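Visitor: pasted the sequence and its predicted model underneath.
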Amino acid sequence: MAKFGYPKLTIELDKTVGGALEDISNYVTSINGFKVNAILEDVTGAGLADDAWAYIGFKEKALVELTGPYDNTADKLVESTRDKEGEVRTLKLTFDTGVDADTREVESIIATTERNPKRGAFHEYKATLRLTGAVA
């Protein structure tokens, strides 16, 4: 089984609703990951010794946080998300850029954007995306 590291990750986002996907990987220094949870319900009946669970047919996707240094000249992360809270964007993550590419593509809503100044460092910029709809 092949192992993949951060250099094999590609992050794409469109700048406008329905626009072409753009590679923003060079502007993202941190991503909190991609997580999908199957929502389960406890269906353990009275008098049973062991718990029982059932999938309710609903999946929830965790927030995706994209972080990088703030650059107002050529930063595609900033350009695609700043002052666009509430707008829809397509997010595509490719975890391996090789032959067996493992990709996830999903619509997302720009939930929050942050600019965090730090002493002795570049300002940090973070865009938080709420994933919505089916994952392709």
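Guide: Great, that's in hand. Source: prediction; values computed, not measured.
Visitor: which residues of this structure score low on pLDDT?
Guide: For the chain, applying pLDDT under 70 flags the ranges 1-7, 97-101.
Visitor: one more pass at 50, please.
Guide: Scanning the chain with the threshold set as pLDDT under 50 gives 1.
Visitor: mind listing what's buried along the strand of greatest length in it?
Guide: What stands out as the longest strand in the chain, according to DSSP state E, is strand 103-116. Across strand 103-116, burial judged by 16 or more other C-beta atoms under 10 Å covers 104, 106-108, 110, 113. (Each C-beta comes from the backbone N, C-alpha and C, glycine too.)
Visitor: just the helices in the protein please.
Guide: 76-81 (DSSP state H).
Visitor: and the residue nearest the centre of it?
Guide: Val64 (3.3 Å; C-alpha atoms, centre = their mean).
Visitor: quick check: closest non-adjacent residue to that one.
Guide: Leu129 (4.6 Å; C-beta to C-beta, 6 or more residues apart in numbering).
Visitor: then Phe95?
Guide: In space, Phe95 is closest to Asp102, 4.4 Å off (C-beta to C-beta, 6+ apart).
Visitor: who's in contact with that neighbour?
Guide: 94-96 (C-beta atoms under 8 Å, 6 or more residues apart in numbering).
Visitor: take the residues you listed and write them to CSV, including distance to Ala20 and neighbour count.
Guide: Compiled in CSV, the contacts of Asp102 are given as follows (distance: C-beta to C-beta, whole Å; neighbours: other C-beta atoms under 10 Å):
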residue, distance to Ala20, neighbour count
Thr94, 16, 18
Phe95, 21, 14
Asp96, 22, 16
